[in-house]
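**Q** Sharing a model that was predicted from the sequence below.
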Amino acid sequence: MIKLDNVIKKYDSFCLECSMEVPVGQITGLIGRNGAGKSTAFKSILGLIRTDGGRIEVFGKEPGSLTPKDKEQIGVVLADSGFSGYLSIKDLIPMLHAMYADFSKEQFIEGCKRMELPFNKKIKEFSTGMKRKLQILTALSHNARLLILDEPTAGLDVVARDELLNLLREYAEDGERSIVVSSHISSDLEGLCDDIYMIEGGKIILHEETDVLLSEYGLIKATDEQFDRLDQSYLLKTKKESFGYSCLTNQKQFYQDNYPSLVIEKGSIDDVIMMMTDNTRRKQG
Amino acid sequence: MNRSIKGLLIKDLNLMKGQKTFFIVIILACVLLFPAYSGSFFTVGYVTIICAFFTLSTLSYDEYENGASYLFTLPITRRDYAREKYLFGFLMSTVPCILATAASYLVTAVKGTETDIVSVLAGSVGTLLAAYLLLALEIPLQLKFGQAKSRMMVFVSAGGIACMILLLGYLKDITGIEDLVLIRFLSFGKGAAAIIGAAVFVILMWISYQISCRIVEKKEF
């Protein structure tokens, strides 16, 4: 559905250099800290900004060549943008009905009622969470094949967040639709995504299937003595701590089998981010 | 009409509906001002220009809180967006101008004031052309520079045009060049002059539209 091949976008103090792929029927997560480049990557995919190099394909076309018909197949949530604040939901319904051949008016109205969004209030008076809910409902309202969701859970309370994640899971169930979703909250993506890209400073620093990440990655807590005796071939990152070393590995089983006395914690996305983005020395050997 | 432009027009009409207080004030102002200006020209001009300029307000509403980024993820092309603004501007100038002309003519007829329908229509057409030209100047400027800067640019360009007119007047006095150009232009006859004028007008509008398309196509959101 989406392919980014060495895409480059340069700003004065930031440079995006990104390659990633979103296959058909898959939910792909993009995780990174604020300012890591998630929104820039998404805006490049959507053709909202011009890139300085590389190649982007959406449905096999360059973003600039997408026709309105193609764009009807894309549902979008943007982190820093939305419908004009001077419109109300009541105003949006005829507009969306005119623009999308497959717009499901009843489903949209039902969703707005369920999420308790006021129909007559101007959008500029909505809270951040309400604006986000509106964008999500719009993205889901026209039977899109591809959802591009930049921080869709930002501003949502726990219940709304859970409801959204369930909606997205259901949406992708038919195996024909793809979703690329970004967040800086790892728990949002852990239970949702098939694979995860980790972005930092505009670069993809890790790409892994979520199952592998959660089952095979681990955080080793070693004393100085244990660390010196440790086979460091499978350590991705190490970090000096007061007790010795924290080490990130993608071969947890190997260390559990060969070093039974070691403390090895189950890997979480947060641990991986903390280790991968920390300014510590890379693996040895 | 394609779906994208239809959707955008609905959006802009709804934006207009959201500003109904503003339009009620305009109508009230016309009603109040009309007796003071028994000729219809002021009312027609006032309504037409104010309504035409609402097109520019929709550009600001689209950009409010970075909304343009999201707008361009909807199923529209950048060219559709520019095209719709010209279409909306055309509607927002023409429809109010026709309504205001009809209303002011009716009022003067009811009052029994003698009115020359030809001069009323000529005044309305002149106002309408001025509104189109203002939009043709202002739409690309606002797309490029945003509201605040583009207004400044209009003041600067209006100042520039005024200076050019003064300069031409001065040159005419000392050389008589402008007279020559004018005489040549009028020597084609009234019909031909009107056709040439209309052609120049259409070309100016087309150039403005093409410039706007290029600006939107190059813009980053």
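**A** Nice, thanks for sending it over. Numbering: from 1, shown residues only, chains lettered A, B, ... in the order given.

**Q** And the longest helix anywhere in chain A, what's buried?
**A** The longest helix of chain A (DSSP state H) is helix A:158-171. Residues of helix A:158-171 classed as buried under the neighbour-count rule (16 or more other CB atoms under 10 Å in any protein chain shown) are A:160-161, A:163-165, A:168, A:171. The way it works is simple: take the backbone N, C-alpha and C, and place the C-beta from them, glycine included.

**Q** Past it, which element shows up next along the chain?
**A** Later in the chain than helix A:158-171, the nearest helix or strand by DSSP states H and E is strand A:178-183.

**Q** what's that following strand packed up against?
**A** strand A:15-22, strand A:27-31, helix A:38-45, strand A:146-150, helix A:158-171, helix A:186-190 (3 or more CB pairs under 8 Å, 6 or more residues apart in numbering or on different chains; DSSP states H and E).

**Q** Near chain A, which residues of chain B are found?
**A** B:2-4, B:6-8, B:10-11, B:14-15, B:17-18, B:61-62, B:64-77, B:80, B:220-221 (CB under 8 Å from any CB of the partner chain).

**Q** Can you list which of the residues you listed are found in helices?
**A** B:3-4, B:6-8, B:10-11, B:14-15, B:17-18, B:61-62, B:67-71, B:80.

**Q** Could you turn the buried ones of those residues into a PyMOL selection?
**A** Those of these that count as buried under 16+ other CB under 10 Å are selected in PyMOL with:
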select buried, chain B and resi 3+4+6+7+8+10+11+14+15+18+61+62+67+68+69+70+71+80
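
**Q** most centrally placed residue in chain B?
**A** Nearest to the geometric centre of chain B sits B:Ala131, at 2.6 Å (CA atoms, centre = their mean).

**Q** mind listing what it touches?
**A** B:48-49, B:52, B:93, B:97 (CB atoms under 8 Å, 6 or more residues apart in numbering or on different chains).

**Q** can you pull the pLDDT of it?
**A** The confidence metric pLDDT takes the value 90 at B:Ala131.

**Q** Which helix or strand contains it?
**A** Assigned by DSSP H and E, B:Ala131 belongs to helix B:117-175.

**Q** Name the spans of chain B whose pLDDT lies under the cut-off.
**A** Scanning chain B for pLDDT under 70 picks out the ranges B:33-40, B:150, B:153-154, B:157-158, B:161-162, B:165, B:168-169, B:171-190.

**Q** Near chain B, which residues of chain A? Just list them.
**A** Within chain A, the positions adjacent to chain B are A:43, A:46-50, A:67-69, A:71-72, A:74, A:76, A:78, A:80-88, A:91, A:94-96, A:98-101, A:122, A:124, A:135, A:148 by CB under 8 Å from any CB.

**Q** Could you rerun that using 7 Å?
**A** A:46, A:48-50, A:68, A:71-72, A:76, A:78, A:80-87, A:91, A:94-95, A:98-100 (CB under 7 Å from any CB of the partner chain).

**Q** And the residue nearest the centre of chain A?
**A** A:Ser182 (2.1 Å).

**Q** Not counting its neighbours along the chain, what's nearest A:Ser246?
**A** A:Lys239 (4.6 Å; CB to CB, 6 or more residues apart in numbering or on different chains).

**Q** Name the SS class of the one you found, please.
**A** strand (DSSP: H, G, I helix; E, B strand; the rest coil).

**Q** got it, and A:Leu248?
**A** Classified using three-state DSSP, A:Leu248 is strand.

**Q** how about the nearest residue to B:Ala109, chain neighbours excluded?
**A** B:Thr115 (7.0 Å).
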